[in-house]
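Q: Build me a model:
(4 chains)
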2 protein chains.
Amino acid sequence: MAAPSEELLDVVVGLLAEHGFEGLSIRRVAARAGVSIGAVQHHYPTKDALLAAAMRRVDDQVSAELAGRVQRARTPGEALRAVSEGLVPAGPEERPAAVVWLAQVARAAVHEPTAVGYRASWQRVEDALSRLIAAARPGLRAEQVRDEAAVLLALLDGLATARVAEPDRVTGDRARRLVGRHLDALLTPTGDRT
Amino acid sequence: MAAPSEELLDVVVGLLAEHGFEGLSIRRVAARAGVSIGAVQHHYPTKDALLAAAMRRVDDQVSAELAGRVQRARTPGEALRAVSEGLVPAGPEERPAAVVWLAQVARAAVHEPTAVGYRASWQRVEDALSRLIAAARPGLRAEQVRDEAAVLLALLDGLATARVAEPDRVTGDRARRLVGRHLDALLTPTGDRT
DNA sequence: CCACCGGCCATACGCTCGTATGGCTACGCT
DNA sequence: AGCGTAGCCATACGAGCGTATGGCCGGTGG
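A: Numbers count the residues shown, from 1 in each chain, chains lettered A, B, ... in the order given. Purely as a prediction, here's the structure:
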């Protein structure tokens, strides 16, 4: 199953999640994967290539997870809730991806090649959210839809960041509750009841 | 005015904003400040100390800026808007602080000492927002106040991140508009007009 | 049978890093 | 006047880094 080059990427993600960028070196990746330095070089000629591949992998995994949630949902509203919960890490098992994502943003801020991929991926998420919101709230004007999508995305982003860096202030339960209430308001056209 | 040790911190912030953590070294700081390596060591014995001081400095500057905005406001609502706009970087001149803040979060995720300071500082912001919201919306229950503060903070956080990494998707104007509309809704008790 | 090549390894090169050390100058205090 | 100390500098050391190089090993096609 797991091709050797894929296993290397998992090791990169693990190291990144544990020690951040500073703790990532070819040597460490090789050591943890139980292979030689040359093997790493063979699959990824430079460190940048290795990093880019690892980030793309996390990206793909997250995208696939979200797509699956959308597909399993029966209504746009349900899909919106499922996607939102998928974007905010709740348990420890979702932390590595979130930490890597944080590292990626920080890198994107100062490293243009990273920024290009990051922007494309995030734009896709906003588009997807827009489509779901438009479907769930047919009355909304297109511009309002995009704004609501941007607000929701920023909120999820901020909550995810807080979950990673301040797990005590923003617990998994609290994050879920806050997202739920925001979506309640979003999915309920101006003034309504239960 | 500018003590030599303060100028070093400005250099650190500048380097961090330009090239991130990877681009920061004692040698580079010394070179850009026009002093010797030894001078940097004299004021900050280790790289960690230098980094911590630089982050604390950004923290203090941001805190002072926000405190000033609160003090100049005439109503809690006004203060809330002023603080919110202060937390989302609009122009290029606010970018360095925002990039450093992003770097700090990423570091906090994998470096406990950084995380401690980060959490304390962010908790203070949530508390301040809570007080302002409580003052602006006297009817709200305490728990709801805290939730609204957390939501607002996450939103601002997410928008600030987007402003740094995706300045084209989330322009300064758009960010301002989204924050304004969120605050409109927050400051208007359930169902109202104009 | 042999040439080839993908996959991997061991090692080496050159560089940059954080930090340690020791010395020099200028000023304040007694 | 003399001494201590703050401020700064030049240099050195050891470690870790990314990358380059050249060789070995096993399967496959001619």
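
Q: Need the contact partners of stretch A:46-64.
A: When contacts are defined by C-beta atoms under 8 Å, 6 or more residues apart in numbering or on different chains, stretch A:46-64 is touched by residues A:6, A:8-9, A:12-13, A:16, A:24, A:26, A:29, A:40, A:44, A:86, A:97, A:100-101, A:104, A:113-114, A:117, A:121, A:124. C-beta: built from backbone N, CA, C; applies to glycine.

Q: How about stretch A:130-146?
A: Here stretch A:130-146 makes contact (C-beta under 8 Å, 6+ apart) with A:70, A:75-77, A:79-80, A:83, A:126, A:148-149, A:152, A:186-187, A:189.

Q: Can I get that stretch as PDB, trimmed to CA atoms?
A: Taking Å, rounded to 0.1, in the frame of the first residue of the first chain, the C-alpha atoms of stretch A:130-146 are listed here in PDB:
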ATOM      1  CA  SER A 130     -20.400  30.000  -1.400                       C
ATOM      2  CA  ARG A 131     -22.200  27.400  -3.400                       C
ATOM      3  CA  LEU A 132     -23.500  25.700  -0.300                       C
ATOM      4  CA  ILE A 133     -24.700  29.000   1.200                       C
ATOM      5  CA  ALA A 134     -26.400  30.000  -2.000                       C
ATOM      6  CA  ALA A 135     -28.200  26.600  -2.100                       C
ATOM      7  CA  ALA A 136     -29.200  26.900   1.600                       C
ATOM      8  CA  ARG A 137     -30.400  30.500   1.400                       C
ATOM      9  CA  PRO A 138     -31.800  30.900  -2.100                       C
ATOM     10  CA  GLY A 139     -33.000  34.400  -1.300                       C
ATOM     11  CA  LEU A 140     -29.600  35.900  -0.800                       C
ATOM     12  CA  ARG A 141     -27.900  38.200  -3.300                       C
ATOM     13  CA  ALA A 142     -24.700  36.900  -4.800                       C
ATOM     14  CA  GLU A 143     -22.600  39.500  -3.100                       C
ATOM     15  CA  GLN A 144     -24.100  38.700   0.200                       C
ATOM     16  CA  VAL A 145     -23.500  35.000  -0.400                       C
ATOM     17  CA  ARG A 146     -19.800  35.700  -1.000                       C
END
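
Q: Okay, buried residues for it please.
A: Using 16 or more other C-beta atoms under 10 Å in any protein chain shown as the test for burial, stretch A:130-146 gives A:S130, A:L132, A:I133, A:A134, A:A136, A:R137, A:L140, A:V145, A:R146.

Q: same question, stretch A:13-30
A: By 16+ other C-beta under 10 Å, the buried positions in stretch A:13-30 come out as A:V13, A:G14, A:L15, A:L16, A:A17, A:G20, A:F21, A:L24, A:I26, A:V29, A:A30.

Q: Could you pull up phi and psi at the second one?
A: I take that to be A:G14. Dihedral pair for A:G14: phi -60, psi -50, per degrees, to the nearest 10.

Q: Thought A:A97 was touching it, still the case?
A: No: judged on C-beta atoms under 8 Å, A:G14 makes no contact with A:A97 at a distance of 11.0 Å.

Q: got any ranges where chain A has weak pLDDT?
A: Within chain A, the segments meeting pLDDT under 70 span A:1-2, A:190-194.
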